[in-house]
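Q: Got a sequence here, can you build the structure:
(one chain, ligands or ions: 2)
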Amino acid sequence: MGAGLVGERIAGYQVECELGRGGMAVVYRARDLRLERTVALKLLTPDMVRNDTFRRRFAHEQRAAAALDHPHIVPIFEAGETEGVLYIAMRYVPGLDLRALLDRDGPLPVATAVRIAAQVASALDAAHEHDLVHRDVKPGNVLVARGTDSDHPEHVYLTDFGLTKKSLSLTGLTSVGEFVGTLDYVAPEQIAGRPVDGRCDLYSLACVVYETLAGGPPFQRDDSMELLWAHQYDQPPALSERRPGTPAEMDEVVARALAKVPEDRYDSCLDFVAALRRSARDAEREPKSEADTHPPTQVDRAVGPLPHPPQWARPVFDRRPGR
Ligand SMILES: Nc1ncnc2c1ncn2[C@@H]1O[C@H](COP(=O)(O)OP(=O)(O)OP(=O)(O)O)[C@@H](O)[C@H]1O
Ligand SMILES: [Mg+2]
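A: Ligands and ions are numbered 1, 2, ... in the order given. Predicted coordinates for the structure are as follows:
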C-alpha cells in the first residue's frame with residue numbers, strides 16, 4: 001500500500017492521489033469509472049483484512065453505517081472486498097478535516113466551534129436513534145467542507161461510522177496497550193470495557209469541543225496509560241483555565257458533558273450543544289467584568305466507588321504510588 005497505488009484500478013475505481021492515512025487505512029481520491037464521479041476510496045490495511053472477526057464486523061457495520069442517510073454523515077456508496085483488499089467508497093469531501101484545521105488555525109471562535117459541534121451532534125443523535133454508536137469521534141473524523149452561504153460558512157460531515165477500531169480490543173485484535181490511534185477522546189466507560197451507548201460519543205464530542213475552544217484536548221499526559229487514568233478518574237481542567245474569558249456557564253456545560261458517569265451527562269448530543277450555545281449567548285448578552293464573575297461552580301461530581309481497573313489497564317494502576 002502507499003503511493004504505489006496511485007494510477008491503479010481497484011474494483012472499478014481509478015486511484016488518483018492520497019488524501020490521508022490513519023491507523024488502519026489509507027484514503028485516496030479516486031474516480032468511479034462506472035458513474036464517472038470523484039469519490040474517496042478508503043483501503044483498509046492488510047492486517048485488518050486478515051482478521052476474520054474484523055471482516056465479519058466490517059461487513060455488518062458498513063451495512064449499518066450505509067443505512068444512515070443524514071446531511072452531516074458522509075454517505076457510503078459501496079463497501080466490499082477485492083483481491084484481498086477491503087475498501088469503502090464514499091462521498092469525496094473537499095476541504096480539511098478538523099484535525100488539520102485546528103493544527104493550522106489553533107483554537108476557533110466560539111461561534112464557529114458551536115456551529116461545527118451542532119452539525120456533528122445532529123449526525124450523532126441520528127445515528128444513536130438507529131442504535132449505532134460511533135465510538136471514534138475525534139477531529140480527524142470530522143470533515144469540514146465549505147458551506148452554502150455566509151450564515152452557514154461550513155458544512156461538516158462526520159465519517160468513519162462502523163469502523164469501530166476502539167472496540168476491536170474487545171474482539172481480541174488488539175491486546176494490552178496496543179490501542180491504535182489517539183486516546184484523547186475516549187470515554188471512561190469505553191476504557192473500562194463497560195457497555196457503551198450514545199453517551200460515549202457525547203463524551204468524545206465534548207473532548208472535541210473542548211479542543212476546538214482551548215487548543216488542546218481536556219487531558220494531556222505523556223504516557224497513554226496516564227491518559228486513560230485521567231479520563232477515568234481525573235477532573236478535567238475548567239475550560240476557562242485554558243481559554244480565559246470563558247463564561248462560568250460554559251465551564252459547567254462542558255464539565256457536565258465530560259462527566260465520568262454517562263447518566264450525569266446530557267441526554268443527547270444536541271442537548272449538549274443547545275446548552276453550549278445558550279451559555280455563549282448569555283455571556284454575550286450580559287458581559288461581566290472580571291470582578292463580577294464568580295468562580296466556576298464546583299461541578300466535580302462524586303463518581304461513586306472507583307470500579308476495579310480492567311485487567312489490561314493494570315500497569316498504570318500498579319505504577320501509581322500506594323496501589
Ligand atoms: N470522504 C472523504 N473525503 C475527503 N477526505 C477524506 C475522506 N475520508 C477521509 N479523508 C481524509 O483522509 C484522512 C485519513 O482518514 P482515516 O480515517 O484513514 O484516518 P484518521 O481518521 O485520521 O485516523 P483513524 O485511522 O484513527 O480513523 C482523514 O483525516 C481525511 O483528511
Ligand atoms: Mg478516520
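Q: for the residue nearest the centre of the chain, what are its contacts?
A: Nearest to the mean C-alpha position of the chain, by C-alpha atoms, centre = their mean, lies V137 at 1.4 Å. Going by C-beta atoms under 8 Å, 6 or more residues apart in numbering, V137 touches 120, 124, 158, 185, 201, 204-205, 208. The way it works is simple: take the backbone N, C-alpha and C, and place the C-beta from them, glycine included.
Q: got the residues of this protein near ligand 2?
A: Counting by C-beta under 5 Å from the ion, the chain comes close to ligand 2 at 22, 141, 160.
Q: Just the ones of these in strands?
A: Counting by DSSP state E, none of the members of these fall within strands.
Q: Pick the one among those closest to A248.
A: Minimum separation from A248 among those (C-beta to C-beta) is found for N141, which lies at 30.7 Å.
Q: now stretch 46-57, how far from the centre of its chain.
A: Chain-centre distance of stretch 46-57: 22 Å, with C-alpha atoms, centre = their mean, to the nearest Å.
Q: Let me know the average pLDDT across it.
A: Stretch 46-57 shows a mean pLDDT of 77.
Q: Start and end of that stretch, how far apart?
A: From its first residue to its last, stretch 46-57 covers 15 Å (C-alpha to C-alpha, to the nearest Å).
Q: residues touching the residue in the stretch 1-150 of the chain that ligand 2 sits nearest to, list them.
A: Nearest residue of the stretch 1-150 of the chain to ligand 2, counting by C-beta to the ion: N141, 4.4 Å away. The contact partners of N141, taken as C-beta under 8 Å, 6+ apart, are 97, 134, 158-160.
Q: Pick out the lowest-pLDDT one from those residues.
A: The lowest pLDDT within the contacts of N141 belongs to D160, with 89.
Q: how close does the spatially closest residue to that residue that is not a sequence neighbour sit to ligand 1?
A: Counting by C-beta to C-beta, 6 or more residues apart in numbering, D160 lies nearest to N141, which is 4.6 Å off, once chain neighbours are set aside. Using C-beta to the nearest ligand atom, to the nearest Å, N141 is found at 5 Å from ligand 1.
Q: ok, how many other residues are close to L183?
A: 19 (other C-beta atoms under 10 Å).
Q: what about the helices in the stretch 51-200 of the chain?
A: Using DSSP state H, counting those that start in this stretch, the helices of the stretch 51-200 of the chain run over 52-66, 98-105, 110-129, 168-171, 188-191, 198-214.
Q: Buried deepest among those helices, which one?
A: Stretch with highest mean neighbour count among these: helix 198-214 (a mean of 25; mean count of other C-beta atoms under 10 Å).
Q: do it and ligand 1 meet at all?
A: No. For a cut-off given as C-beta under 6 Å from any ligand atom, helix 198-214 has no contacts with ligand 1; the smallest distance is 12.2 Å.
Q: and the helix or strand just after that helix, which residues are buried?
A: Per DSSP states H and E, the first helix or strand lying C-terminal to helix 198-214 is helix 224-233. By neighbour count on 16 or more other C-beta atoms under 10 Å, the buried set for helix 224-233 is 225, 227-232.
Q: Return the distance of the next helix or strand after helix 224-233 from the chain's centre.
A: Next helix or strand after helix 224-233 toward the C-terminus (DSSP H and E): helix 239-242. Its chain's C-alpha centre and that of helix 239-242 lie 21 Å apart, by C-alpha atoms, centre = their mean.
Q: Check which residues of the very next helix or strand once past helix 239-242 are buried.
A: Sequence order places helix 248-257 as the next helix or strand after helix 239-242, per DSSP H and E. If you call a residue buried by 16+ other C-beta under 10 Å, then helix 248-257 has these buried ones: 248-257.
Q: before we move on, back to that, nearest to Y13, of the contacts of V137?
A: After measuring the contacts of V137 against Y13 - C-beta to C-beta - the closest member comes out as L158, at 22.7 Å.
Q: ok, now which ones touch the closest residue to that closest one other than its chain neighbours?
A: Leaving aside its chain neighbours, L158 sits nearest to A123 (4.2 Å; criterion: C-beta to C-beta, 6+ apart). For A123, the contacting residues are 70, 72-73, 157-158, by C-beta under 8 Å, 6+ apart.
Q: Let's see if you can find the most crowded of these.
A: L158 (25 neighbours).
Q: re earlier: look up how far R278 lies from the residue nearest to L158.
A: 21 Å (C-beta to C-beta, to the nearest Å).
Q: likewise L205?
A: L205 is 17 Å from R278, by C-beta to C-beta.
Q: For R37, list the residues it contacts.
A: Contacts of R37 by C-beta under 8 Å, 6+ apart are R31.
Q: Quick check: beta-bridge partners of it?
A: For R37, the beta-bridge partners under DSSP bridges are D32.
Q: again, but for the one 5 residues further on
A: In this structure, K42 bridges to V27, I88 when assessed by DSSP bridges.
Q: does the spatially closest residue to R31 that is not a sequence neighbour count as helix, strand or coil?
A: Excluding the flanking residues, the one nearest R31 by C-beta to C-beta, 6+ apart is Q14, at 4.3 Å. Reducing the assignment at Q14 to three states with DSSP: H, G, I helix; E, B strand; the rest coil gives strand.
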